[in-house]
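> Have a look; sequence and predicted model below, questions after that.
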Amino acid sequence: MSYIFSVITPELFAFACLVTLLGGFVKGAVGFAMPLIMISGMGIAIAPELIIAGIVLPIVVSNVWQVGRAGMGQAREAVIEHWRYIVLVCVMILVSAQFLRLIPTDTLFIVLGVPVVALCLIQIAGWRPIIPAHLRRAFEWAAGIFSGILGGLTGTWGPPTVLYLLALGTPRDRQMSVQGVIYGLGSVMLFMGHVQSGVLNAQTWPFSAALVVPGLLGMWLGFKLGDRFDPDRFRKVTLWVLVIAGANLIRRGVMG
């Protein structure tokens, strides 16, 4: 614990655990939003670079669990069908992660907040891009590059991935397994990228490792209790909460 409290106070660590528990619960219940919740929630009181370090290991472990639940057969099919998008996301996460420490703190709050607000509002509005078959290849390249850059800088590439799958008309029952593969492989690249960037280091990795426990506990509760909620209503409430939290991150960045 002494290693953890060298970078964060006990009170803020307890707060980070509660936010991670909530993020894990939502991920278990509806399959997404764990990094969005961790970023926007912890951003209320914790420095953005430490937030990014903190989310890395919980994201890796939770995504491995999600892939395992979906089954390896579906995972192989997802890789075969979406390999271009997956490769681009992974490469761009690794590359863009190297620039995180060059961004000033106030600007980083804005970088974290703007995608949260924009992507959540898009999902609330129900906007769904329609991509003609002859433009699919170009769309895969553009979407993969954008998602990867966003993932390396903010730790989240889930919402653009959901939009990508919707645009391609991916059946709902396949979306979870495809998302699991993309999130799983991307999270491994996020880990490697931030080890290389220095964001995840000897001082910050114990904090990230400690957050794995509440993250997995939250997911387990989400798996068990998720069926008791109306998934569409629960999803919309979650998105509106994220919009408010993301707006607060932007406020911190603008006002300093």
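Alright, I've got the coordinates.

> alpha carbons only for contacts and neighbour counts from here, please
Noted.

> Which other helices and strands does the helix or strand containing Ala245 contact?
Ala245 is part of helix 231-255 when elements are defined by DSSP states H and E. Here helix 231-255 touches helix 10-30, helix 34-42, helix 105-125, going by 3 or more CA pairs under 8 Å, 6 or more residues apart in numbering; DSSP states H and E.

> Buried residues in that helix, which are they?
For helix 231-255, a neighbour-count test (16 or more other CA atoms under 10 Å) marks 235-236, 238-239, 241-243, 245-250, 252-253 as buried.

> likewise stretch 200-216?
By 16+ other CA under 10 Å, the buried positions in stretch 200-216 come out as 200, 203-216.

> which outside residues touch the helix or strand containing Ile51?
Using DSSP H and E, Ile51 sits in helix 48-70. The contact list for helix 48-70 (CA atoms under 8 Å, 6 or more residues apart in numbering) reads 24, 34-35, 38-39, 42-43, 75, 100-101, 105, 108-109, 154-155, 176-177, 180-181, 183-184, 187-188, 190-191, 194, 199-200, 204-205, 207-209, 211-212, 215-216, 219.

> Tally up the residues packed near Tyr230, please.
Just to correct that, residue 230 is Asp rather than Tyr. By other CA atoms under 10 Å, 9 other residues sit near Asp230.

> for Ile8, same thing?
Applying other CA under 10 Å, we find 18 residues neighbouring Ile8.

> Which pLDDT value goes with it?
pLDDT recorded at Ile8 is 92.

> Report the buried residues of whichever strand or helix holds Gln196.
Element membership of Gln196 [criterion: DSSP H and E] is helix 172-197. Using 16+ other CA under 10 Å as the test for burial, helix 172-197 gives 175-195, 197.

> could you point out which element follows that helix?
Trace forward from helix 172-197 with DSSP H and E and the next one is helix 205-210.

> And the contacts of the very next helix or strand once past that next one?
As assigned by DSSP H and E, the chain's next helix or strand after helix 205-210 is helix 212-225. With CA under 8 Å, 6+ apart as the test, helix 212-225 has contacts from 17-18, 20-30, 57-58, 61-62.

> can we see that at 7 Å?
Contact partners of helix 212-225, identified using CA atoms under 7 Å, 6 or more residues apart in numbering, comprise 17, 20-29, 57-58, 62.

> Can you give the distance from it to the centre of its chain?
Centre-to-centre, helix 212-225 and its host chain are 16 Å apart (CA atoms, centre = their mean, to the nearest Å).

> what is the orientation angle of it with helix 48-70?
For helix 212-225 against helix 48-70, the angle by axes from the mean of the first three to the mean of the last three CA atoms, to 10 degrees is 40 degrees.

> For the stretch 151-256 of the chain, which residues score under the pLDDT cut-off?
Filtered on pLDDT under 70, the stretch 151-256 of the chain yields the residue ranges 172-173, 256.

> For Met34, list the residues it contacts.
Contacts of Met34 by CA under 7 Å, 6+ apart are Gly23, Gly24, Val26, Lys27.

> Who wins on neighbours among these?
Gly24 (33 neighbours).

> Test my guess that Ser197 contacts Val95.
No. Taking contacts as CA atoms under 7 Å, Ser197 lies outside contact range of Val95: 9.5 Å.

> And Ile4, how far from Ala202?
Computed as CA to CA, to the nearest Å, the Ile4 to Ala202 distance reads 10 Å.

> next one: Asp230
According to CA to CA, Asp230 and Ala202 sit 42 Å apart.

> Also Val95?
From Val95 across to Ala202, the span is 21 Å (CA to CA).

> What of Ile182?
Distance from Ile182 to Ala202, counting by CA to CA: 28 Å.

> Then Val61?
19 Å.

> Would you mind listing which of the contacts of helix 212-225 are buried?
Buried members of the contacts of helix 212-225, counted by 16+ other CA under 10 Å: 17, 20-29, 57-58, 62.

> need these in a markdown table with pLDDT and distance to Trp83, can you?
A markdown table is the format used below for the buried ones among the contacts of helix 212-225 (pLDDT from 0 to 100; distance: CA to CA, whole Å):
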| residue | pLDDT | distance to Trp83 |
| --- | --- | --- |
| Cys17 | 97 | 34 |
| Thr20 | 97 | 30 |
| Leu21 | 96 | 32 |
| Leu22 | 94 | 31 |
| Gly23 | 92 | 28 |
| Gly24 | 94 | 27 |
| Phe25 | 92 | 29 |
| Val26 | 88 | 27 |
| Lys27 | 87 | 24 |
| Gly28 | 87 | 25 |
| Ala29 | 84 | 27 |
| Leu57 | 95 | 24 |
| Pro58 | 94 | 24 |
| Ser62 | 89 | 22 |
